[in-house]
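Visitor: With the sequence up front, the predicted model follows.
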Amino acid sequence: MTAQEMYERDKVAIQTTGLSGSMLMENAGRAVSDDVETKIEKHQSVIVLIGGGNNGGDGYVIARTLLNRGYQVEAWQVVSDHKIQGDALLHKEIFIKSGYPLQQLEELGTLEESLEQADVVIDSMLGIGVKGQLRPPFKEVVALVNKRAAYTIAVDIPTGVPADESVSEFDGLFANHTTVIAAPKISVFLEHTSSYYGEWTVVDIGLPTKKIPNSRRKLWGKSDTLSTFPTRQAHSHKGSHGKGIVVGGSFQMPGSIAMTAKAALRSGIGLLTIATTSNTVPLIAPFLQEATFQQVTEEGGFLSSANVVDWSQYNGAAIGMGMGRNQGSTTLVEEIFDCVEGPLLIDADGLYLMKDGLTQYSKRKDPTILTPHPGEFAHLIDRSIPEVMQSPFCLTRDFALQYGVYVVLKGPSTIITSPRGEQCVEVSGNAGLAKGGSGDVLSGILLALLLQSNSVFDALANGCMIHGLTAERLTESRHSIYDLLATDLIEGLPNTFRTFSSST
Ligand SMILES: NC(=O)C1=CN([C@@H]2O[C@H](COP(=O)(O)OP(=O)(O)OC[C@H]3O[C@@H](n4cnc5c(N)ncnc54)[C@H](O)[C@@H]3O)[C@@H](O)[C@H]2O)[C@@H](O)CC1
Ligand SMILES: [K+]
């Protein structure tokens, strides 16, 4: 959610049901306290830092709830009294009438002494309402907290961190854990802001799900994969699971297309053909007994035309892996655009070669899927990589809408966007995937799932999840994030598929 979407949901909840802001604040404070209790012990000393808006209001509820439950808590209001208004003021009064003392920040030294004694700091200073660079005293308090080693838990969002995209200059509090209220904010998933959150959990505050506006964005979870995973009919045959073709490879890079092909085969595709250069075939064929091969016209060792392929035999294609960026291959990419029936996935070098033909892609009647990493996407839209990283949700959405394509922007948080602008973010995986070849494997998994699923969007999200979970499982057992190779991922796929697969 963006900050504005969060405010809108709160507003609609209050208007349609009669829930009040102060009830939501009580719910939020209680829900955060429950989550905090899983992180702290009764003997530890806890400081709650309270700011002047509704995030501060949550802080009074949290301090009172933890004190009621027997924790050692010091509550510090870091702003002057007149800043506390509305629901926050109501909860400040309830806190005081419950018989608990409130510390007021007058000079930083006293707070610093308390912070030195504290085991745990709860940051309830600023939430999604922060605007611009931090002003005093927040800037100074954040600097003090960041200097100390106490375990820090942020409420909703670490103070100073923007909720939304496109803000690059800010001072933020570094939390060890963030208890996010109601729904993750966009900045949870951005490279330049996610590290401020530490680990994070989302707590429910009782918003009426039936009444609040639906989000156009979704965090894809394991339960989504379980409920949308394609089932295999007991009476199915190889033709029921799709006939796919992968186009790519060159003498210098024979491995890429081999990994895509192997991953597609391990992901349940019915039949797979590899269209590549003549000298690539003997290099990879011994490892791919289940595949068939199609030699494609080439020039100087690079693919140049696929006019020998009978495209009507195939239900879908993936193109680009290891094919090089030779201009002679541009024709091939254009031909494929005209000829392929069914989903067409474009990855790696294919993305470079298609750049000039982007407008053609909006005319395809079947789904076109682009799977760039941020560097490839930056190249496609003529922006810098940092610009892409700061606004990945907006930029991929604009692009998908403009060209009528699906975009899978790969990264620690992979963002999947449909041509209608729906988005989901998928966060499985780990640093073991940050290696050459991981993307080739992903393309193979995606092609296979595209040909077995009714929904393109579900196939893409599930494929990303299978890929990420496989990396997680392998680094929990046989591998580490250092040694994990793309070929290990392929060998790890069976174990992940066993979790999700079923037949009827
Ligand atoms: N009904 C609701 O709106 C609910 C809100 N909740 C909480 O309320 C938060 C949002 O509350 P608010 O909208 O009051 O916003 P915040 O509490 O995040 O921040 C607003 C305050 O920050 C100050 N401020 C803004 N930018 C600043 C800067 N750069 N330097 C210093 N001070 C700055 C403003 O003057 C204002 O006092 C959420 O993050 C969540 O924690 C929850 O209580 C659940 C219900
Ligand atoms: K906060």
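Guide: Cool, the structure landed. Here the structure is a predicted model, which means the values were calculated and not measured. Ligands and ions are numbered 1, 2, ... in the order given.

Visitor: Could you check how far residue 419 is from ligand 2?
Guide: 37 Å (Cβ to the ion, to the nearest Å). Where you see a C-beta, it was placed from the backbone N, CA and C, and this is true even at glycine.

Visitor: Count the neighbours of that residue for me.
Guide: Residue 419: 19 surrounding residues under other Cβ atoms under 10 Å.

Visitor: if you skip the residues just before and after it, what's nearest to it?
Guide: residue 404 (4.6 Å; Cβ to Cβ, 6 or more residues apart in numbering).

Visitor: so what's the one you found up against?
Guide: Contacts for residue 404 (Cβ atoms under 8 Å, 6 or more residues apart in numbering) come out as 361-362, 364, 368, 419.

Visitor: Now list the buried members of those.
Guide: Using 16 or more other Cβ atoms under 10 Å as the burial test, the contacts of residue 404 include 361, 364, 368, 419 as buried.

Visitor: Strands - which of these land there?
Guide: Among those, DSSP state E puts residue 368 in strands.

Visitor: Give me the subset of the buried ones among the contacts of residue 404 lying in helices.
Guide: residue 361 (DSSP state H).

Visitor: For residue 181, state which of the buried ones among the contacts of residue 404 is nearest.
Guide: Checking those against residue 181 with Cβ to Cβ, the nearest one is residue 419 at 32.0 Å.

Visitor: and that closest one, what pLDDT?
Guide: Note for residue 419: predicted pLDDT of 96.

Visitor: okay but it is in contact with residue 401, surely?
Guide: Yes - with contact defined as Cβ atoms under 8 Å, residue 419 reaches residue 401; the gap is 6.9 Å.

Visitor: burial count for residue 257?
Guide: 31.

Visitor: my bad, should have said residue 170
Guide: For residue 170, using other Cβ under 10 Å, the count is 16.

Visitor: before we move on, which element is it in?
Guide: Assignment of secondary structure by DSSP states H and E places residue 170 within no helix or strand.

Visitor: tell me the contacts of it?
Guide: 130, 133-134, 160-162.

Visitor: try residue 500
Guide: So residue 500 contacts 225-226, 229, 462, 466 (Cβ under 8 Å, 6+ apart).

Visitor: For those residues, give me CSV that also has distance to residue 409 and pLDDT.
Guide: CSV is the format used below for the contacts of residue 500 (distance: Cβ to Cβ, whole Å; pLDDT from 0 to 100):
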residue, distance to residue 409, pLDDT
225, 19, 94
226, 24, 92
229, 23, 90
462, 17, 97
466, 18, 97
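
Visitor: quick revisit: tell me, which of the contacts of residue 170 make contact with ligand 1?
Guide: 130, 133-134 (Cβ under 6 Å from any ligand atom).

Visitor: Just the C-alphas of stretch 41-51, formatted as CSV.
Guide: Extracted in CSV, the C-alpha atoms of stretch 41-51 (Å, rounded to 0.1, in the frame of the first residue of the first chain):
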residue,chain,number,x,y,z
GLU,A,41,11.2,-10.9,27.9
LYS,A,42,9.7,-9.7,31.2
HIS,A,43,13.1,-8.9,32.8
GLN,A,44,14.2,-6.6,29.9
SER,A,45,13.8,-2.9,30.2
VAL,A,46,11.8,-1.3,27.4
ILE,A,47,11.6,2.3,26.2
VAL,A,48,8.7,3.4,24.1
LEU,A,49,9.4,6.6,22.1
ILE,A,50,6.2,8.5,21.3
GLY,A,51,5.8,11.1,18.6
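
Visitor: average pLDDT for that stretch?
Guide: 97.

Visitor: Just the buried positions in it, please.
Guide: In stretch 41-51, counting by 16+ other Cβ under 10 Å, buried: 46-51.

Visitor: Give me the contacts around it.
Guide: 40, 56, 59-60, 62-63, 66, 70-79, 114-115, 117-126, 138, 141, 145, 150, 159.

Visitor: Please flag which of these sit within strands.
Guide: Reading strands off the contacts of stretch 41-51 with DSSP E, I get 72-77, 120-124.

Visitor: from these, which is closest to residue 206?
Guide: residue 124 (18.9 Å).

Visitor: Please name the bridge partners of the closest one.
Guide: Under the criterion DSSP bridges, residue 124 forms beta bridges with residue 50.

Visitor: count of residues packed around it?
Guide: 30.

Visitor: Which part of the stretch 251-400 of the chain gets nearest to ligand 2, residue-wise?
Guide: Here the residue of the stretch 251-400 of the chain nearest ligand 2 is residue 390; by Cβ to the ion that distance is 21.3 Å.

Visitor: What does the pLDDT read for that residue?
Guide: At residue 390, pLDDT is 94.

Visitor: now that we're looking at it, how far away is residue 330 from it?
Guide: 31 Å (Cβ to Cβ, to the nearest Å).

Visitor: can you check residue 403 too?
Guide: 17 Å.

Visitor: Over to residue 83?
Guide: Residue 83 is 61 Å from residue 330, by Cβ to Cβ.

Visitor: who touches stretch 364-383?
Guide: 337, 340-348, 351-352, 355, 358, 361, 384-385, 387-389, 392, 395-396, 399, 404-411, 419, 439, 442-443, 446, 450, 456, 460.

Visitor: start to end distance for it?
Guide: 26 Å (Cα to Cα, to the nearest Å).

Visitor: residue contacts, the residue nearest to residue 413 when sequence neighbours are not counted?
Guide: In this structure, residue 413 finds its nearest non-sequential neighbour in residue 189, 3.8 Å apart by Cβ to Cβ, 6+ apart. By Cβ under 8 Å, 6+ apart, the contact set of residue 189 is 392-393, 413, 415, 425, 427.
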